[in-house]
Structures are given as structure tokens and as C-alpha cells.
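Asker: sharing a model that was predicted from the sequence below.
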Amino acid sequence: MNGSNGIWHLARRLFAVVFCSFMLLPLVVIMVVSFTNEGYVRFPPASFGLRWYYAALQNPYFQSGLVVSVQIALLVALISGTLGVLASLVLGRYEFPGRSGILSVLLMPMAIPHIVLAIALLQFMALLALSSAPLGIIAGHILISLPFVLRLTMTSVISLDPLAERASYSLGASPFQTLRHVILPMIAPGAAAGTIFAFLISFDEVTISLFLALPGHSTLPAEIFSFASQGSDPVITAVSGAMIIFAVVLMLIVERFYGVLRLMTERR
């Protein structure tokens with residue numbers, strides 16, 4: 001039995017390594033190609049430099065797309081973070097009729113393809129005769145980012161020590177004071193990690209942005225997709241490489257201060 005368990009454990013680890021390598025290899029290729037000095041995409045590059053990073057910084061379409069993406073991502077992170085924390089405090093601490101159904105509905109966007117959500121939102125906005133940008137983009141990004149905030153924050157809420165809350169009440173603290181000085185600081189790691197996740201998801205989202213964007217409100221991923229559909233300009237790899245570096249640095253910061261991997265793998 002021990003021998004078969006050891007083989008099974010080794011097989012799972014091998015599968016994990018192969019799967020992660022398969023998922024990360026395209027990102028590695030993009031990063032290497034982004035530093036080429038040549039006028040075309042080639043792997044591996046014959047020479048390296050920052051030529052296309054400078055070109056990306058001077059491109060007005062990428063500049064405007066970056067501004068729009070950052071503005072939308074910050075707003076989405078704020079709204080998703082607030083709604084996710086409020087929802088997790090209710091769903092993670094109390095049992096009531098319909099709780100499982102509400103939780104399933106809130107987490108459902110994680111299992112629905114983004115193109116389906118984008119088409120549904122586009123039809124909904126048209127039905128209400130509302131402009132799809134930027135309201136539609138913001139709504140769509142909140143829809144897909146809220147489940148991650150809820151998932152990470154609920155992990156912290158469920159692991160709360162009820163004795164700490166009782167001790168606060170026994171010392172004369174009001175419910176609001178207990179929430180502010182005891183509960184919120186204890187769930188801060190999950191809430192902060194979820195909010196940053198929401199920012200990254202919104203910043204990198206392309207499908208919903210393509211369907212709901214209007215001229216002048218196009219996000220950076222949508223601009224990258226537009227450039228990629230017109231040819232293989234190396235400037236696209238430079239912009240993509242910068243986005244990858246930004247996401248990796250931000251995730252490392254979150255992991256360093258909040259331990260997001262522990263939150264993602266922690267069980268109830």
C-alpha cells in the first residue's frame with residue numbers, strides 16, 4: 001500500500017509540474033520575445049533590447065487604453081471589495097434560508113464563459129437603452145471579479161475565532177466597535193487579497209471589454225487584441241510583457257504580506 005501511495009503521490013506531483021509548465025510556457029515565450037530589437041516577432045530573438053517597450057510608451061492608443069484600464073480596475077476593485085466583504089460577513093457568519101442559493105448565484109460567474117456574460121450584458125444594456133461604456137464594462141468586470149473577493153474573504157470570515165468577538169462584547173464594545181476593531185482587522189488579509197485580485201482581473205479582462213467598449217473607452221487588453229488582429233507587431237509583445245511583469249509583482253506583494261496561496265488552499 002505504501003508503495004502504491006508513493007507512486008500515486010509522485011504521479012500527481014509530475015502532473016502538476018507538467019500542467020504548470022504547459023500553462024506558463026506561453027508567458028515565458030512572450031516575455032523573451034518582448035525584449036527583441038528586431039522588427040518582427042521571432043523566438044528566440046537574435047538581439048535583445050528595450051526598443052519595443054519605448055515604442056509602446058509612445059503609442060497614444062496604448063496610453064489611452066492604460067488610463068481607461070486603470071480607472072475601471074480601481075473602481076471595480078473598490079466596488080467588488082466592498083460588496084464582497086459585506087456579503088462574506090453575512091454568508092460566512094449566519095445560517096438562513098436561501099443562503100446556499102445566494103452563495104451559488106454569487107459564485108456562478110466563475111463557471112460561466114466570459115463571452116456568454118458579455119453577450120448577455122450587451123443585450124441587457126440594449127434592452128434598457130443604456131450606453132454600454134463605461135457602465136457596461138464596469139458591471140461586467142464586477143460580475144466576474146466579485147466571486148474571487150467573496151471566496152477569499154469568506155475563507156478569513158469562516159476561520160474567525162468567535163472567542164475574540166465574545167471577548168470584545170464582554171469588555172463593553174458595541175457591535176460597530178467590534179466590527180471595526182476586531183472583525184475587520186482579522187479578515188483584512190482575505191479582503192485585501194480579494195480586492196487586489198479584483199483589480200488584476202478587471203485590468204486583464206479582454207472579452208467583456210471588447211463587447212461593451214465604445215470608441216474612446218477601450219481598455220488596454222482590448223487595444224492589444226485590436227493590434228494583434230492586424231498583424232504581428234513586436235510592440236504587442238512589449239505591452240503584454242509589461243502587463244505580465246505588473247501582475248507578477250503585484251501578486252508577489254500580496255503573497256508576501258497576506259499569504260494568498262494559503263488563503264486559496266485553506267479549507268473550511
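Answerer: Looks like it arrived, so ask away.

Asker: can you get me a residue count around residue 204?
Answerer: Residue 204 has 17 neighbours, counted by other C-beta atoms under 10 Å. (Each C-beta comes from the backbone N, C-alpha and C, glycine too.)

Asker: quick check: it touching residue 246?
Answerer: No. Counting by C-beta atoms under 8 Å, residue 204 sits too far from residue 246 to count as a contact (9.6 Å).

Asker: find residues that contact each of the two.
Answerer: Residues touching both residue 204 and residue 246 (C-beta atoms under 8 Å, 6 or more residues apart in numbering): there are none.

Asker: who touches stretch 120-130?
Answerer: If you take C-beta under 8 Å, 6+ apart as the criterion, stretch 120-130 is touched by 131-132, 135-136, 139-140, 143, 208, 211-212.

Asker: mind listing what's buried in it?
Answerer: Buried residues in stretch 120-130, defined by neighbour count with 16 or more other C-beta atoms under 10 Å: 121-122, 125.

Asker: select from those residues every entry located in helices.
Answerer: Among those, DSSP state H puts 121-122, 125 in helices.

Asker: coming back round to it: if you look at the contacts of stretch 120-130, which of them are in helices?
Answerer: 135-136, 139-140, 143, 208, 211-212.

Asker: and these, which of them are buried?
Answerer: Buried members of the ones in helices among the contacts of stretch 120-130, scored by 16+ other C-beta under 10 Å, are 136, 139-140, 143, 208, 211-212.

Asker: nearest residue to the residue most central in space within the chain in space, please, no chain neighbours.
Answerer: With distances taken as C-alpha atoms, centre = their mean, residue 201 lies nearest the centre of the chain, 2.7 Å away. Leaving aside its chain neighbours, residue 201 sits nearest to residue 145 (4.5 Å; criterion: C-beta to C-beta, 6 or more residues apart in numbering).

Asker: so how far is whichever strand or helix holds the one you found off the chain centroid?
Answerer: Following DSSP states H and E, one finds residue 145 within helix 135-158. Centroid displacement of helix 135-158 relative to its chain, using C-alpha atoms, centre = their mean, to the nearest Å, is 9 Å.

Asker: same question for it, mean pLDDT?
Answerer: What helix 135-158 shows for mean pLDDT is 85.

Asker: next: stretch 213-231.
Answerer: For stretch 213-231, mean pLDDT rounds to 76.

Asker: rewinding a little: out of the buried ones among the ones in helices among the contacts of stretch 120-130, which one sits closest to residue 51?
Answerer: residue 208 (32.2 Å; C-beta to C-beta).

Asker: pretty sure that closest one contacts residue 117?
Answerer: Yes. Taking C-beta under 8 Å as the definition, residue 208 is a contact partner of residue 117 at 6.5 Å.

Asker: who touches both of those two?
Answerer: In contact with both residue 208 and residue 117: 140, 144, using C-beta under 8 Å, 6+ apart.

Asker: show me where the stretch 151-268 of the chain has helices.
Answerer: Using DSSP state H, counting those that start in this stretch, the helices assigned to the stretch 151-268 of the chain run over residues 162-170, 175-178, 184-204, 207-212, 220-230, 234-258, 260-265.
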